[in-house]
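**Q** Sequence and predicted structure are below.
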Amino acid sequence: MAASRKFLPSKAFVASVADALVRRVPPGARLVLALSGGLDSMVLLHALLALRGTHPFTLQAVHVHHGLSPNADAWADFCARQCAAHGVALSIHRVAVARDDAAGIEAAARRARHRIFAALDADFLLTAHQQDDQAETLLLQLLRGAGPKGLAAMPELQRRSGWRAAHLRPLLGTARTTLRHYAAMHGMEWVEDDSNVDVRYRRNALRQAVMPLLAAHFPGSSATLARAAALQAEAAGLLDELACIDAAAALAGERLDCAVLERLTPARARNLLRHFIARHGLPMPQARVLDEALRQLLAARHDARVQVNLRPWSLWRFRGGAYLVPPLPPPAPPVRWQGEAALWVPAAGVEVNMTPMAGAGLRRAALQGCVVTLGVRAGGERIQLTPGGPHRSLKNLLQERAVPPWQRVCLPLLWCDGRLAWVHGVGADATFRAGPGEAGIQPGVAGALPGQDSGGLCVLS
């Protein structure tokens, strides 16, 4: 895009961008354009510059330097020159992309970009995805065996979990040929990413080999596929509404009632389980994993425990309810307390505060006379909660209190010379408990145990 060239916007194209802004963007909003320097993003920049006077907004640009091409520095310099010529502030972010990522280099680059985009302080992030991108995305999802939500491809407006800015794609209704014609009409410059012709990448293989054949035999195929994606988005929306209706009877806090799940038809049960997983912001498991999870949830006895690995979270069934649980802390040895006000217990994944108080907690004198360690259950622990009372199995005590199994494994415990003296939420052993007026130390956990927010059942405090 030559700096000296006067903008002569094509009315029809610019009007389509203006329509997206009017429908989605309030006046005065802060926009950030993801600028790669390629044709699509440069055309979108051109249109936004033409609209600044009629639809007030502030405009900045962001360029993500992936460092994957020997031309990456030149692309960043090109974007900087174009933005400087038109008074658009540009931020350039260099990211490290793992070339050996198990999900592929494209996925790794996308994650790196999204980390930058998520942190942008703006109202809207604009990307230049267009109609042909939408058609390719639909085909890729179809070949992965995706359902309606995947086949809906890319929405025009998307609010992503953890992002400050809403993601707007104002060119989804515009064909790539239109953008090329527009750029030629205005004598624009852009950069060509050399990786776009590498057919080892699936999207490129579609773009280079499949889409031209489709266009030759089915004229207007990209527009047709984009319309199909819109219909799938509508169907996905209806499925979400149905899931909300079913969830009203099945969900209580973080608990999914398996009895309600069992009364639904298999298709509605799968739909509700997808909804349950999606509301936690988790990636959707493959169909076979979802089907196996549903089978295990519904085939188990009422009192049976079920754990299905959804990576990285787990789906548990406990006392007739299903729960999604985040990754728990890895195994770790107990740690020794040496008088600190607070001590991190790796095996429990929490910090235990040791608060001095009178007449409560553990006798300070008893703690000072022994080796004090904190850790988690190993099995077989017993504790005497009342003077002269029985030594109860900790396993039985936790079962009586309906503590979910995923919380039992990371429950912080305190020992004095190897004897269990305190269990979070259960209490202190009577032998170690401070009496009236005695100096005591009260152990306690600030916040929730790992998995407690998701488990919902835990009555410990």
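**A** Sure, I can see it. Numbering: from 1, shown residues only.
**Q** When you work out contacts or count neighbours from here on, use the C-alpha atoms and nothing else.
**A** Fine.
**Q** Let me know the pLDDT of residue 107.
**A** Note on residue 107: pLDDT of 85.
**Q** give me the element it is part of.
**A** helix 105-118 (DSSP states H and E).
**Q** Using CSV, list the CA coordinates for that helix.
**A** Extracted in CSV, the C-alpha atoms of helix 105-118 (Å, rounded to 0.1, in the frame of the first residue of the first chain):
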residue,chain,number,x,y,z
ILE,A,105,3.5,-26.2,14.1
GLU,A,106,0.4,-24.5,12.9
ALA,A,107,-1.4,-25.2,16.2
ALA,A,108,1.7,-24.0,18.2
ALA,A,109,1.8,-20.8,16.2
ARG,A,110,-1.9,-20.2,16.7
ARG,A,111,-1.6,-20.7,20.5
ALA,A,112,1.3,-18.3,20.6
ARG,A,113,-0.7,-15.6,18.7
HIS,A,114,-3.7,-16.2,20.9
ARG,A,115,-1.6,-15.6,24.1
ILE,A,116,-0.7,-12.2,22.6
PHE,A,117,-4.3,-11.5,21.6
ALA,A,118,-5.8,-12.5,24.9
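**Q** What's the first helix or strand after that helix?
**A** The first helix or strand that comes after helix 105-118 along the chain, using DSSP H and E, is strand 124-126.
**Q** That following strand pairs with which strands?
**A** Strand pairing for strand 124-126, determined by DSSP bridges: strand 29-34 (parallel), strand 166-168 (parallel).
**Q** among the ones you listed, which is nearest residue 325?
**A** strand 166-168 (28.0 Å; C-alpha to C-alpha).
**Q** How is the protein divided into domains?
**A** 11-224, 253-325, 335-455 (automatic domain parsing).
**Q** quick one: the last one to chain centroid distance?
**A** Its chain's C-alpha centre lies 34 Å from the corresponding centre of domain 335-455 when counted by C-alpha atoms, centre = their mean, to the nearest Å.
**Q** what's the host helix or strand of residue 324 in contact with?
**A** Assigned by DSSP H and E, residue 324 falls within strand 321-325. Strand 321-325 has contacts (C-alpha atoms under 8 Å, 6 or more residues apart in numbering) with 254-258, 277, 297, 313-317, 406, 451, 454-455.
**Q** Strand partners (parallel or antiparallel) of the helix or strand following that strand?
**A** Next helix or strand after strand 321-325 toward the C-terminus (DSSP H and E): strand 335-337. Using DSSP bridges, the strands paired with strand 335-337 in its sheet are strand 372-375 (antiparallel).
**Q** Including mean neighbour count, could the strands paired with strand 124-126 go into CSV?
**A** Below are the strands paired with strand 124-126 laid out as CSV (neighbours: other C-alpha atoms under 10 Å):
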stretch, mean neighbour count
strand 29-34, 21
strand 166-168, 23
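**Q** how about those, which one is nearest residue 383?
**A** When the strands paired with strand 124-126 are compared (using C-alpha to C-alpha), the closest one is strand 166-168, at 53.3 Å.
**Q** what's the model's confidence in that closest one, averaged?
**A** In this model, strand 166-168 has an average pLDDT of 98.
**Q** Could you do stretch 301-313 as well?
**A** Per-residue scores along stretch 301-313 average to 82.
**Q** quick check, distance from it to the centre of its chain.
**A** 21 Å.
**Q** Please identify the buried residues of that stretch?
**A** Neighbour counts using 16 or more other C-alpha atoms under 10 Å place 305-308, 310, 313 of stretch 301-313 among the buried residues.
**Q** need the domains of the chain in CSV with distance to residue 242, can you?
**A** Output for the domains of the chain, formatted as CSV (distance: least, C-alpha to C-alpha, whole Å):
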stretch, distance to residue 242
domain 11-224, 14
domain 253-325, 8
domain 335-455, 23
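**Q** Out of these, flag the one nearest residue 233.
**A** Closest to residue 233 of these is domain 11-224 (C-alpha to C-alpha; 4.3 Å).
**Q** Quick check: nearest residue in space to the residue positioned nearest the centre of the chain, chain neighbours excluded?
**A** Closest to where the C-alpha atoms of the chain average out (C-alpha atoms, centre = their mean) is residue 281, at 4.8 Å. Excluding its sequence neighbours, the residue lying closest to residue 281 (C-alpha to C-alpha, 6 or more residues apart in numbering) is residue 161, at 7.1 Å.
**Q** now that neighbour, what's its secondary structure?
**A** For residue 161, the assignment made with DSSP: H, G, I helix; E, B strand; the rest coil gives coil.
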